[in-house]
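Undergrad: Sequence and predicted model, in that order:
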Amino acid sequence: MATITKRDLVIRISNETGLTQQEVFSVVQCFIEEVTTCLAANDDVVLRNFGAFQVTKTKPKIGRNPNKPDSAVPIPARAVVKFKPGKELKERVAKVLPEL
């Protein structure tokens with residue numbers, strides 16, 4: 001299992017499309033910026049057959065410090081990004097493990 005970086009994606013897309021790496025990098029960077037802007041505005045980003053990015057809010061809770069388990073640490077409410085994979089992505093990823 002390998003880790004794919006943004007640079008790796010740019011190289012792969014550049015090789016597949018014939019666009020320069022700089023052009024692909026600009027598009028990928030613009031895409032990331034736009035998704036980030038939309039999520040920061042509390043908008044959902046839905047990419048059909050891939051998945052959906054949604055902002056959800058967590059409730060405040062009391063946590064524990066692992067070094068001092070007797071002391072309670074308040075954890076405030078916050079907004080987090082959740083990803084829900086689409087149907088096609090789920091189906092392709094399901095093929096990673098052999099069926100039993």
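TA: It's in. Computed from a predicted structure; not experimentally measured. Numbering: from 1, shown residues only.
Undergrad: domains of the chain?
TA: Under the assignment automatic domain parsing, the domains of the chain span 1-43, 47-87.
Undergrad: Now the terminal residues of the longest one, how far apart.
TA: Translated: domain 1-43. Domain 1-43 has an end-to-end distance of 33 Å (Cα to Cα, to the nearest Å).
Undergrad: give me the low-pLDDT residue ranges for this protein?
TA: By pLDDT under 70, the weakly predicted segments of the chain are 99-100.
Undergrad: From Gln21, how far off is the most centrally placed residue in the chain?
TA: Of all residues in the chain, the one closest to the mean position by Cα atoms, centre = their mean is Phe83, 6.1 Å from it. Applying Cβ to Cβ, to the nearest Å, one obtains 27 Å for the distance of Phe83 from Gln21. The C-beta positions use only the backbone N, C-alpha and C, and glycine is treated the same way.
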